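K.L.:
Sequence first, predicted coordinates after that:
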Amino acid sequence: MPNLSGYFSLCLDPADYTAVAEALQAELPLPQTLLSAVPKRQSLYLTGRYCAREALKQAGWTPQPEITTGPVGEPIWPPGWVGSITHSQTHVSVAIAAATAYRGLGLDNETPMSEKTLQAVKDKISTPSERQKQPQNMSEQVYYTLLFSAKESLYKALYPTVRRFFDFQAAELHQRDAGRFEIALIETLHPELPADQCFPVYCQLAAEQIFTAVLWQTAD
């Protein structure tokens, strides 16, 4: 993945959700909407904001920023920065970059979906063309989880510009060569995001986690 201004990641044990939530509430604000949420939800939210603060420190941001939340749950970054927060049940990661270098940045990590989940969502998250392009060296569960994750990363990267919902059918994943993917828009989402515009997908595939990132460079 290209060099970013800041990146910070933590692993969580689900058995520690309550303790983590209680510890982080001492130094990070919890929104009113989460005051009565279950410890898992509180813990993942607060850990994400903690990682965001640490990523901004890496980038040289000296104030202690409060990363607030927008109307659809998106993090609001300090002026001049773009970023993304992602979490699964056990991993939380944050990346940030200067807005002069990137228009948008999206991260996502997923646990490979079960066979039951795969059959329930397969047609919803993929196009007919994608269903014909599964790499031979990749299981169905891994391929469709990768596809889902890449489109989630794309959504996070583009939403600050598009400012509206777009679904999984708006873009299509392509394998460029072994281990390298790109995602192309099928429909025009914005005057600056026409159909056929492509973005590289950076991915790491492991037995327990699938991690993707999509970056929209300012030169695009």
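P.N.:
Yep, that arrived. Everything numeric here is computed off the predicted structure, so don't read it as measured data.

K.L.:
Show me which residues of the longest helix along the chain are buried.
P.N.:
Ranked by residue count, the top helix of the chain under DSSP state H comes out as helix 140-162. By 16 or more other CB atoms under 10 Å, the buried positions in helix 140-162 come out as 142-160, 162. (Each C-beta comes from the backbone N, C-alpha and C, glycine too.)

K.L.:
ok, now stretch 94-111?
P.N.:
Within stretch 94-111, the residues scored as buried using 16+ other CB under 10 Å are 94-97, 99, 101-110.

K.L.:
Helices - which of the residues you listed land there?
P.N.:
Counting by DSSP H, these contribute nothing to helices.

K.L.:
Of these, which is the nearest to Gly83?
P.N.:
Gly83 lies nearest to Ile96 out of these, by CB to CB, at 3.7 Å.

K.L.:
Please report how far the residue nearest to that closest one when sequence neighbours are not counted lies from Tyr155.
P.N.:
Among residues not flanking Ile96 along the chain, Gly83 sits closest, at 3.7 Å (CB to CB, 6 or more residues apart in numbering). Distance, Gly83 to Tyr155, using CB to CB, to the nearest Å: 15 Å.

K.L.:
Locate the residue of this protein with the greatest distance from its centre.
P.N.:
Ala26 (26.6 Å; CA atoms, centre = their mean).

K.L.:
Okay, that residue and Ala207: tell me how far apart.
P.N.:
Ala26 is 35 Å from Ala207, by CB to CB.

K.L.:
strands paired with the helix or strand hosting Phe8, and their directions?
P.N.:
Assigned by DSSP states H and E, Phe8 belongs to strand 6-11. Strand 6-11 pairs in its sheet with strand 91-98 (antiparallel), by DSSP bridges.

K.L.:
so what's His87 up against?
P.N.:
Contacts for His87 (CB atoms under 8 Å, 6 or more residues apart in numbering) come out as Leu44, Thr47, Gly48, Ser93, Asn109.

K.L.:
No further questions, thank you.
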